[in-house]
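[1] using only what follows, build the 3D model:
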Amino acid sequence: MTVDNLLHLANNSGGVLYVIAAMLFVALTIIIERSWFLQRASSGSRAVLDQVDRLEQLNAASLTACAEQFQALPMASLLKVAGRLAGQTSRDELDACLDEAIMREAPNIDRFLWVLDTIVTLAPLLGLFGTIVGMFNAFQVLSNPGNAPTQVTGGVAEALIATASGLFVAMIGLVFFNGLHNRVRGVVHQLETVKAVLVNRLAARAHESLKPVHEVPRPVVGKFASQGV
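    From the prediction side, this is the model:
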(Lines give C-alpha, C1' and ligand atoms only; values in the text may rest on other atoms or scores of the structure.)
Protein backbone atom coordinates (compact mmCIF):
# COMPACT_ATOMS: atom_id res chain seq x y z
CA MET A 1 0.00 0.00 0.00
CA THR A 2 1.50 3.30 -1.09
CA VAL A 3 1.58 6.59 0.76
CA ASP A 4 -1.03 8.05 -1.59
CA ASN A 5 -3.43 5.23 -0.75
CA LEU A 6 -2.90 5.77 2.97
CA LEU A 7 -3.55 9.49 2.63
CA HIS A 8 -6.67 8.73 0.59
CA LEU A 9 -7.98 6.38 3.31
CA ALA A 10 -7.18 8.91 6.04
CA ASN A 11 -9.01 11.67 4.20
CA ASN A 12 -12.06 9.47 3.58
CA SER A 13 -12.26 8.71 7.30
CA GLY A 14 -12.64 12.38 8.13
CA GLY A 15 -9.10 12.59 9.47
CA VAL A 16 -9.76 9.96 12.14
CA LEU A 17 -6.91 7.76 10.92
CA TYR A 18 -4.50 10.64 11.55
CA VAL A 19 -5.72 10.79 15.16
CA ILE A 20 -5.43 7.02 15.55
CA ALA A 21 -1.88 7.12 14.19
CA ALA A 22 -1.00 9.86 16.71
CA MET A 23 -2.54 7.79 19.51
CA LEU A 24 -0.46 4.79 18.44
CA PHE A 25 2.70 6.92 18.60
CA VAL A 26 1.79 8.20 22.09
CA ALA A 27 0.96 4.68 23.29
CA LEU A 28 4.27 3.26 22.04
CA THR A 29 6.17 6.14 23.66
CA ILE A 30 4.50 5.51 27.03
CA ILE A 31 5.05 1.75 26.73
CA ILE A 32 8.78 2.14 26.04
CA GLU A 33 9.35 4.80 28.71
CA ARG A 34 7.39 3.03 31.47
CA SER A 35 8.91 -0.36 30.66
CA TRP A 36 12.40 1.10 30.94
CA PHE A 37 11.62 2.95 34.18
CA LEU A 38 9.90 0.00 35.87
CA GLN A 39 12.71 -2.32 34.87
CA ARG A 40 15.24 0.03 36.47
CA ALA A 41 13.05 0.39 39.57
CA SER A 42 12.66 -3.38 39.96
CA SER A 43 16.35 -4.13 39.52
CA GLY A 44 17.23 -1.22 41.81
CA SER A 45 15.00 -2.55 44.58
CA ARG A 46 16.69 -5.94 44.43
CA ALA A 47 20.11 -4.25 44.51
CA VAL A 48 19.08 -2.17 47.55
CA LEU A 49 17.97 -5.28 49.43
CA ASP A 50 21.25 -7.03 48.62
CA GLN A 51 23.28 -4.03 49.70
CA VAL A 52 21.35 -3.58 52.95
CA ASP A 53 21.91 -7.26 53.75
CA ARG A 54 25.65 -6.82 53.23
CA LEU A 55 25.95 -3.70 55.39
CA GLU A 56 27.46 -4.43 58.76
CA GLN A 57 26.60 -1.02 60.22
CA LEU A 58 23.15 0.25 59.22
CA ASN A 59 23.42 3.91 60.21
CA ALA A 60 22.69 7.34 58.77
CA ALA A 61 25.96 7.56 56.84
CA SER A 62 25.61 4.18 55.14
CA LEU A 63 21.94 4.78 54.26
CA THR A 64 22.69 8.22 52.81
CA ALA A 65 25.50 6.79 50.69
CA CYS A 66 23.18 4.05 49.46
CA ALA A 67 20.52 6.62 48.58
CA GLU A 68 23.01 8.60 46.50
CA GLN A 69 23.95 5.43 44.64
CA PHE A 70 20.33 4.80 43.62
CA GLN A 71 19.41 8.41 42.92
CA ALA A 72 16.35 9.08 40.69
CA LEU A 73 14.80 5.72 41.64
CA PRO A 74 11.77 5.34 43.97
CA MET A 75 13.68 3.55 46.73
CA ALA A 76 16.13 6.47 47.09
CA SER A 77 13.53 8.50 48.98
CA LEU A 78 13.00 5.64 51.46
CA LEU A 79 16.74 5.40 52.08
CA LYS A 80 16.98 9.16 52.62
CA VAL A 81 14.13 9.15 55.13
CA ALA A 82 15.58 6.13 56.94
CA GLY A 83 19.02 7.77 57.04
CA ARG A 84 17.59 11.01 58.42
CA LEU A 85 15.58 9.28 61.14
CA ALA A 86 17.98 6.47 62.01
CA GLY A 87 18.28 6.18 65.78
CA GLN A 88 16.13 9.27 66.42
CA THR A 89 12.56 7.97 66.32
CA SER A 90 10.59 4.99 67.52
CA ARG A 91 9.61 2.02 65.39
CA ASP A 92 6.06 3.28 64.82
CA GLU A 93 7.19 6.77 63.82
CA LEU A 94 9.78 5.37 61.41
CA ASP A 95 7.18 3.05 59.89
CA ALA A 96 4.74 5.95 59.39
CA CYS A 97 7.40 8.17 57.79
CA LEU A 98 8.42 5.43 55.36
CA ASP A 99 4.75 4.85 54.46
CA GLU A 100 4.50 8.55 53.66
CA ALA A 101 7.57 8.30 51.43
CA ILE A 102 6.02 5.38 49.53
CA MET A 103 2.77 7.30 49.01
CA ARG A 104 4.73 10.25 47.65
CA GLU A 105 6.51 7.98 45.16
CA ALA A 106 3.36 6.15 44.02
CA PRO A 107 2.28 8.81 41.45
CA ASN A 108 5.72 8.64 39.82
CA ILE A 109 5.56 4.86 39.51
CA ASP A 110 2.26 4.64 37.60
CA ARG A 111 2.70 7.94 35.77
CA PHE A 112 1.10 8.17 32.28
CA LEU A 113 -0.68 4.83 32.65
CA TRP A 114 -4.00 6.68 32.69
CA VAL A 115 -3.15 8.00 29.21
CA LEU A 116 -2.58 4.45 27.97
CA ASP A 117 -5.87 3.37 29.56
CA THR A 118 -7.66 6.24 27.82
CA ILE A 119 -6.16 5.27 24.46
CA VAL A 120 -7.33 1.69 24.92
CA THR A 121 -10.89 2.90 25.47
CA LEU A 122 -10.94 5.72 22.93
CA ALA A 123 -9.23 4.08 19.92
CA PRO A 124 -12.10 1.67 19.01
CA LEU A 125 -14.66 4.46 19.36
CA LEU A 126 -12.66 6.71 17.07
CA GLY A 127 -12.28 3.85 14.61
CA LEU A 128 -16.05 3.34 14.59
CA PHE A 129 -16.58 7.06 14.09
CA GLY A 130 -14.18 7.04 11.13
CA THR A 131 -16.02 4.08 9.62
CA ILE A 132 -19.35 5.93 9.87
CA VAL A 133 -17.86 8.99 8.17
CA GLY A 134 -16.36 6.78 5.45
CA MET A 135 -19.70 5.06 4.83
CA PHE A 136 -21.39 8.44 4.42
CA ASN A 137 -18.88 9.25 1.72
CA ALA A 138 -19.37 5.81 0.14
CA PHE A 139 -23.15 6.11 -0.12
CA GLN A 140 -22.91 9.59 -1.55
CA VAL A 141 -21.64 7.92 -4.72
CA LEU A 142 -25.19 6.77 -5.46
CA SER A 143 -26.42 10.34 -5.60
CA ASN A 144 -24.19 11.08 -8.61
CA PRO A 145 -25.67 9.93 -11.92
CA GLY A 146 -23.59 7.46 -13.89
CA ASN A 147 -21.88 5.88 -10.90
CA ALA A 148 -22.25 2.12 -10.55
CA PRO A 149 -23.56 0.69 -7.27
CA THR A 150 -20.49 -1.54 -7.13
CA GLN A 151 -18.45 1.52 -6.19
CA VAL A 152 -20.27 1.58 -2.85
CA THR A 153 -18.74 -1.74 -1.80
CA GLY A 154 -15.23 -0.39 -2.34
CA GLY A 155 -16.03 2.67 -0.24
CA VAL A 156 -17.46 0.53 2.57
CA ALA A 157 -14.34 -1.65 2.56
CA GLU A 158 -12.15 1.43 2.86
CA ALA A 159 -14.32 2.79 5.65
CA LEU A 160 -13.88 -0.40 7.70
CA ILE A 161 -10.12 0.20 7.82
CA ALA A 162 -10.70 2.90 10.44
CA THR A 163 -12.44 0.43 12.75
CA ALA A 164 -9.71 -2.15 12.19
CA SER A 165 -7.03 0.44 12.97
CA GLY A 166 -8.76 1.51 16.17
CA LEU A 167 -9.11 -2.10 17.32
CA PHE A 168 -5.45 -2.77 16.50
CA VAL A 169 -4.27 0.16 18.63
CA ALA A 170 -6.61 -0.86 21.46
CA MET A 171 -5.35 -4.45 21.47
CA ILE A 172 -1.72 -3.38 21.63
CA GLY A 173 -2.46 -0.85 24.36
CA LEU A 174 -4.51 -3.32 26.42
CA VAL A 175 -1.82 -6.01 26.43
CA PHE A 176 0.92 -3.61 27.53
CA PHE A 177 -1.34 -1.75 29.97
CA ASN A 178 -2.08 -4.95 31.87
CA GLY A 179 1.60 -5.90 31.81
CA LEU A 180 2.74 -2.49 33.04
CA HIS A 181 0.05 -2.43 35.72
CA ASN A 182 1.28 -5.76 37.01
CA ARG A 183 4.87 -4.47 37.08
CA VAL A 184 3.73 -1.37 38.99
CA ARG A 185 2.23 -3.65 41.64
CA GLY A 186 5.51 -5.54 41.78
CA VAL A 187 7.56 -2.36 42.29
CA VAL A 188 5.22 -1.15 45.05
CA HIS A 189 5.53 -4.54 46.74
CA GLN A 190 9.32 -4.23 46.55
CA LEU A 191 9.13 -0.80 48.16
CA GLU A 192 7.05 -2.29 50.96
CA THR A 193 9.70 -4.98 51.38
CA VAL A 194 12.49 -2.40 51.54
CA LYS A 195 10.48 -0.47 54.13
CA ALA A 196 9.98 -3.56 56.27
CA VAL A 197 13.69 -4.42 56.10
CA LEU A 198 14.72 -0.88 57.09
CA VAL A 199 12.23 -0.71 59.97
CA ASN A 200 13.24 -4.09 61.35
CA ARG A 201 16.98 -3.47 61.09
CA LEU A 202 16.91 0.06 62.49
CA ALA A 203 14.45 -0.84 65.26
CA ALA A 204 16.60 -3.80 66.31
CA ARG A 205 19.72 -1.63 66.32
CA ALA A 206 17.99 1.06 68.40
CA HIS A 207 16.77 -1.57 70.86
CA GLU A 208 20.28 -2.89 71.33
CA SER A 209 21.67 0.59 71.91
CA LEU A 210 19.03 1.26 74.57
CA LYS A 211 19.77 -1.85 76.62
CA PRO A 212 20.73 -0.92 80.21
CA VAL A 213 24.36 -1.45 81.05
CA HIS A 214 24.77 -3.31 84.36
CA GLU A 215 27.74 -2.03 86.31
CA VAL A 216 29.95 -4.59 87.95
CA PRO A 217 30.25 -3.81 91.67
CA ARG A 218 33.71 -2.67 92.55
CA PRO A 219 35.48 -4.07 95.58
CA VAL A 220 35.41 -1.85 98.64
CA VAL A 221 38.83 -0.55 99.44
CA GLY A 222 39.63 -0.04 103.11
CA LYS A 223 37.89 -1.09 106.27
CA PHE A 224 34.32 -0.71 107.40
CA ALA A 225 33.59 1.86 109.99
CA SER A 226 32.52 -0.84 112.48
CA GLN A 227 35.95 -2.41 112.28
CA GLY A 228 37.66 0.77 113.23
CA VAL A 229 40.47 2.52 111.54
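
[2] quick one, phi psi at residue 110?
    Main-chain torsions, residue 110, degrees, to the nearest 10: phi -100, psi 30.

[3] got the contact list for it?
    Contacts for residue 110 (Cβ atoms under 8 Å, 6 or more residues apart in numbering) come out as 181, 184. Backbone N, C-alpha and C define where each C-beta goes, glycine included.

[4] ok, it to residue 169 distance?
    Distance from residue 110 to residue 169, counting by Cβ to Cβ, to the nearest Å: 21 Å.

[5] find the nearest non-adjacent residue to residue 159, please.
    Sequence neighbours aside, residue 134 is the residue nearest to residue 159 in space, at 2.7 Å (criterion: Cβ to Cβ, 6 or more residues apart in numbering).

[6] wait, the one you found sits on residue 158?
    Yes. The pair residue 134 / residue 158 is scored as a contact, 6.0 Å apart, by Cβ atoms under 8 Å.

[7] these two: who's more crowded?
    A side-by-side neighbour count of residue 134 and residue 158, using other Cβ atoms under 10 Å, places residue 134 first with 26 against 19.

[8] state the helix or strand in which that one lies.
    Residue 134 belongs to helix 113-139 when assigned by DSSP states H and E.

[9] give me the helices and strands touching that helix, please.
    Here helix 113-139 touches helix 3-12, helix 16-54, helix 150-209, going by 3 or more Cβ pairs under 8 Å, 6 or more residues apart in numbering; DSSP states H and E.

[10] got the buried residues for that helix?
    Neighbour-count burial for helix 113-139, with 16 or more other Cβ atoms under 10 Å as criterion, is recorded at 113, 115-116, 119-120, 122-124, 126-127, 129-131, 133-135, 137-138.

[11] give me the distance from that helix to the chain's centre.
    27 Å (Cα atoms, centre = their mean, to the nearest Å).
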